[in-house]
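Peer 1: Could you look at this predicted model? Sequence included:
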Amino acid sequence: MTFGEIVHLVINEQNLFIFFSTVAILSALGVVLNLSNTVYAALSLVVSMLALAGLFVMLNAEFVGVLQVMIYAGAIVVLFLFVVMLLNLRGGEMAADRQPFLKLVGAGIVIAATVKLTSLLGAARSNPSGIQKDWMPVGPEFGSVRDIGLVLYTDYLLLFQVSGILLLAGIVAAVILAKQKVD
Amino acid sequence: MPDVWHYQMVAAVLFMIGIMGVLVRRNVIVMFMCIELMLNAANLSLIAFSRLWGNLDGQIFVFMVIIVAAVEVAVGLAIIIALVRNRDTVNIEESSLLKW
Amino acid sequence: MEFDLSKIPITLFIFSLIVGLFSPIMTWVERKQSALMQDRIGANRAEILGIRAIGLLHPVADVIKMITKEDTFPLGGSKFLHNIAPMIAAIPALISFAVIPYGGHYQAWGADWTLVVADLDYGVLYLLAIGSIAAYGSIIAGWAANNNWGLLGSIRVSAQMISYEVCMGISVVGLFMVFGTLKMTDMGIAQQETFRVLGFVEHLGWAQAGTAWVDFVKLPMWGIFLQPLGFFMFMTALIAENKRPPFDVPEGESELVAGYFIEYSGMKFGLFFMAEWIEVVVIAGLMTAMFLGGWSVPYIPDATLVEFFRGGVGVNMANVFAMIIHVLIFFTKVISMIFFLQLIRWSLPRFRYDQVMDLGWKILLPLSIANVAVTGLIMLLVKEVTG
């Protein structure tokens, strides 16, 4: 057994999927269930994003995976952390819970809905007349920067330009909202 | 080998975790993070189907979702900063003047 | 999805080479070069059995000191985050060298050698992504210390990183447009060509096509000649991302008493410095691979070099010789780039914090967007004229 085969035994698609999805789900739970500190929640969010980027790369979406790391993990969550630190919100939720019972009911409903949804998806998976389960064969170029660019700048050109305007509007809005009034 | 439904299940669970966070938590910043989680779950679903059909449109949608999320976070965090300046709290239940 | 895992031993070798060799030597370079610039003698005290080796033993002494030093922990801080923050700071620096090619493609004895650990299709994007993650180590370190200087340091780090990521990404877009690729090896290959600097005079009618003095002035197609503004903006943004002087406001000794790593001691403190020095090497390697022609000898394409040796020693050994020359050339360029970066580090005083932000948002960002626009215009013109 060569070194490569031993590595393949441990690092294969199934194990990677299990690893990344477990990390993503557990750290997402960490965002929700962490009552002590917002910084921990933000750090859990980063781990979840990175695990999702791993899943994206497994699905041949390398460019989107890198964007996920660059924008979500590298910019958005840093911005979250920046705001949390700027506001210096040590400690958790400051006020006492107003309606703890209602929240418990809400959590229960969500958990029930999750179980139902996953079982529905499982049923869809085992349904022989449903949509196909096998991945379509794609070339190695699928999801590469060149392919994404070709689609983005031809079919979706208008969408791309509108997103530029959206970004500009976002910048202006953020500056106006966060600007401190100096009187 | 994981197939497309496994990815959909992961996406569904992540989405539900995000919904639970928005329903249960009252810290504005954490609720905002949970919205990001839901967007990410939708992204995973889109990318899994994009790979299933061998069609790049799904990845373009994810690209757009990421752009919208970036804008949303910039504006949303600015709103949160303004909120904290005015009310000195991040608890959403203390800014419920418009709620009937 | 296929994984090529056969390269893991090579990867580990290169990592250990960079970590084990460059990072300690960088501490020596830092001391010696600053001494050279300030007309001092510099580090020369550490000795083993009377051998001083021009101060080269100082890194050894440093490492021994750091490993044996007491590991302190701040009261009221977060122990877990305090412990993992140095690792989070060091890991991005270590893995980012993986996509930088330090040699071309060679065939000898039936085997293909490409001298890069991971030849990614989106290599530069990978580096930008890794660079944006690198902020977390510093942010977490400052926050976990339960110290106001540390917290100020991490706020400054996060603001500075976000600001300079933007212009870092946009300032290399012009380069992507010129080379038409994001792949580092393809960039290296593209930079082996030459272009006629004075070619435009033919189209203006000032000289006949094929005039000797027009053809004579040729420059290698390096990024620095095609994108001079991009080179300097990218380098500025990289130095700012690396938090080295003159952009060291997050750790400014005189105002924040070391900023985000204020509460660290021993090897955990050392890891931050190791990360910083490895980042210097990565920056030098990146600038070399993208702007300074990578591994190539100016005016001599790879094939010509192999052809030159081929007559004497046969095709296999010719490839090996070319490989050795290319790796040496690459590291020579990297070392001169490091020298240049150190020159900047020891020449310029620290910017004030608002100056850092102004430089990023009001100067570099508009300039880099203008650079993209001008590059596009020139490319269109060239295409229009030459057909």
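Peer 2: Happy to help now that I have it. Residues are numbered from 1 along each chain as shown, chains lettered A, B, ... in the order given.
Peer 1: I'd like to know how far the nearest residue to C:K79 once chain neighbours are set aside sits from C:R352.
Peer 2: The shortest distance from C:K79 to any non-neighbouring residue, by Cβ to Cβ, 6 or more residues apart in numbering or on different chains, is to C:F73 (6.4 Å). Where C-beta positions appear, they are placed from N, C-alpha and C, glycine not excepted. Relative to C:R352, C:F73 is positioned 33 Å away (Cβ to Cβ, to the nearest Å).
Peer 1: Can you get me a residue count around the residue nearest to C:K79?
Peer 2: Residues near C:F73, counting by other Cβ atoms under 10 Å in any protein chain shown, number 14.
Peer 1: which ones are touching C:W346?
Peer 2: Neighbour list for C:W346: C:33-34, C:37-38, C:245 [criterion: Cβ atoms under 8 Å, 6 or more residues apart in numbering or on different chains].
Peer 1: from those, which single one is nearest A:N127?
Peer 2: C:P245 (63.6 Å; Cβ to Cβ).
Peer 1: Sketch out the low-pLDDT regions of chain B for me.
Peer 2: Low-confidence segments of chain B (pLDDT under 70): B:99-100.
Peer 1: could you redo the last one with a cut-off of 80?
Peer 2: The model of chain B has pLDDT under 80 over residues B:1, B:86-100.
Peer 1: hang on, the earlier thing: of the contacts of C:W346, buried ones?
Peer 2: Buried residues within the contacts of C:W346, counting neighbours by 16 or more other Cβ atoms under 10 Å in any protein chain shown: C:33, C:245.
Peer 1: just checking, which of the contacts of C:W346 belong to helices?
Peer 2: In this view, these that belong to helices under DSSP state H are C:33-34, C:37.
Peer 1: Can you say which helix or strand has the residue nearest to C:K79 in it?
Peer 2: Secondary-structure assignment from DSSP states H and E places C:F73 in no helical or strand segment.
Peer 1: which residue packs closest to the most centrally placed residue in chain C, ignoring adjacent ones?
Peer 2: Geometric centre of chain C, nearest residue: C:I283, 1.1 Å, by Cα atoms, centre = their mean. Closest residue to C:I283 in three dimensions, ignoring its sequence neighbours and counting by Cβ to Cβ, 6+ apart: C:L238, at 4.8 Å.
Peer 1: Would you list the phi and psi of the one you found?
Peer 2: Per-residue torsions, C:L238: phi -70, psi -40 (degrees, to the nearest 10).
Peer 1: Report the separation between it and C:M168.
Peer 2: Counting by Cβ to Cβ, the separation of C:L238 from C:M168 is 7 Å.
Peer 1: For the residue in the stretch 51-200 of chain C that chain B sits nearest to, give me its contacts.
Peer 2: Among the residues of the stretch 51-200 of chain C, C:I162 lies closest to chain B, at 10.4 Å counting by Cβ to the nearest Cβ. Taking Cβ under 8 Å, 6+ apart, we find C:I162 in contact with A:75, A:78-79, A:82, C:135.
Peer 1: In helices only, show me those residues.
Peer 2: A:78-79, A:82, C:135.
Peer 1: before we move on, back to that, and of the contacts of C:W346, the nearest to chain A?
Peer 2: Closest to chain A, out of all of the contacts of C:W346 and judged by Cβ to the nearest Cβ, is C:P245, at 22.6 Å.
Peer 1: Run through the residues that contact the closest one.
Peer 2: Counting by Cβ under 8 Å, 6+ apart, C:P245 has contacts C:345-346, C:348-350.
Peer 1: Could you see whether chain C lies near the longest helix seen in chain B?
Peer 2: The single longest helix within chain B, with elements called by DSSP H, is helix B:57-87. No - contact of helix B:57-87 with chain C (Cβ under 8 Å from any Cβ of the partner chain) is absent, the minimum separation being 10.4 Å.
Peer 1: buried residues in that helix?
Peer 2: B:58-67, B:69-81, B:83-84.
Peer 1: about what we covered before: top of the contacts of C:I162 by neighbour count?
Peer 2: Taking other Cβ under 10 Å as the neighbour criterion, C:A135 ranks highest of the contacts of C:I162 with 30 neighbours.
Peer 1: if I read this right, it contacts C:S158, doesn't it?
Peer 2: Yes - C:A135 is within contact range of C:S158, at 6.2 Å (criterion: Cβ atoms under 8 Å).
Peer 1: In chain A, what residue spans correspond to helices?
Peer 2: Under DSSP H, chain A gives helices at A:3-10, A:13-33, A:38-58, A:62-67, A:77-87, A:100-126, A:145-152, A:157-178.
Peer 1: got the CA coordinates for the fourth one in PDB?
Peer 2: Extracted in PDB, the C-alpha atoms of helix A:62-67 (Å, rounded to 0.1, in the frame of the first residue of the first chain):
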ATOM      1  CA  GLU A  62     -13.700  26.700  -6.800                       C
ATOM      2  CA  PHE A  63     -14.200  30.300  -7.700                       C
ATOM      3  CA  VAL A  64     -17.300  30.700  -5.500                       C
ATOM      4  CA  GLY A  65     -15.500  28.900  -2.700                       C
ATOM      5  CA  VAL A  66     -12.600  31.300  -2.800                       C
ATOM      6  CA  LEU A  67     -15.000  34.200  -3.000                       C
END
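Peer 1: pLDDT of it, averaged?
Peer 2: Averaging pLDDT along helix A:62-67 yields 88.
Peer 1: Who are the packing partners of it?
Peer 2: helix A:38-58, helix A:145-152, helix B:57-87, helix C:123-133 (3 or more Cβ pairs under 8 Å, 6 or more residues apart in numbering or on different chains; DSSP states H and E).
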